[in-house]
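> only geometry, no sequence info:
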C-alpha cells in the first residue's frame with residue numbers, strides 16, 4: 001500500500017521528493033491544497049478501492065505518506 005500512496009502523491013503533485021522522506025510534510029511544503037486533496041482521494045478510490053470523503057480525514061492524516069498509509073490501513 002505504501003508504494004501505491006507514494007505513486008498517487010507523485011502523480012497528483014508532480015513531485016518525487018516525498019520518496020526520499022516519507023515523513024515529509026506536504027502541507028508545510030505547500031504541495032497539498034484543496035484541489036490536490038480531492039485528486040488524491042479520487043486516486044485512492046480508483047487504485048485502492050477505498051472510498052473517502054474529505055471530512056473523513058484530518059489534515060494530519062494526509063500531511064505525510066506515512067500518516068496516510070496508517071490511516072488507510074485502519075480503514076481496510
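Okay, I see it. Everything numeric here is computed off the predicted structure, so don't read it as measured data.
> burial of residue 72, as a residue count?
Residue 72: 19 surrounding residues under other CB atoms under 10 Å. No exception for glycine: its C-beta is placed from N, CA and C like everyone else's.
> Relative to residue 30, how far out is it?
23 Å (CB to CB, to the nearest Å).
> just residue 2 next, same as before
23 Å.
> same thing with residue 71?
21 Å.
> who has more neighbours, these two?
Applying other CB under 10 Å to residue 71 and residue 30 shows that residue 71 carries more neighbours, namely 18 against 8.
> Tell me who's in contact with the more buried one.
Residue 71 sits next to 57, 61, 62 when contact means CB atoms under 8 Å, 6 or more residues apart in numbering.
> now the longest helix belonging to the chain: mean pLDDT?
When the chain is parsed with DSSP state H, its longest helix is helix 34-48. Averaging pLDDT along helix 34-48 yields 96.
> Just the pLDDT for residue 66.
97.
> That one and residue 25 touch, don't they?
No - Residue 66 sits out of contact with residue 25 when judged by CB atoms under 8 Å, with a separation of 10.7 Å.
> returning to that earlier point: just the buried ones from the contacts of residue 71, in ChimeraX syntax?
Here is the ChimeraX command that selects only those of these that count as buried (16 or more other CB atoms under 10 Å):
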select :57,62
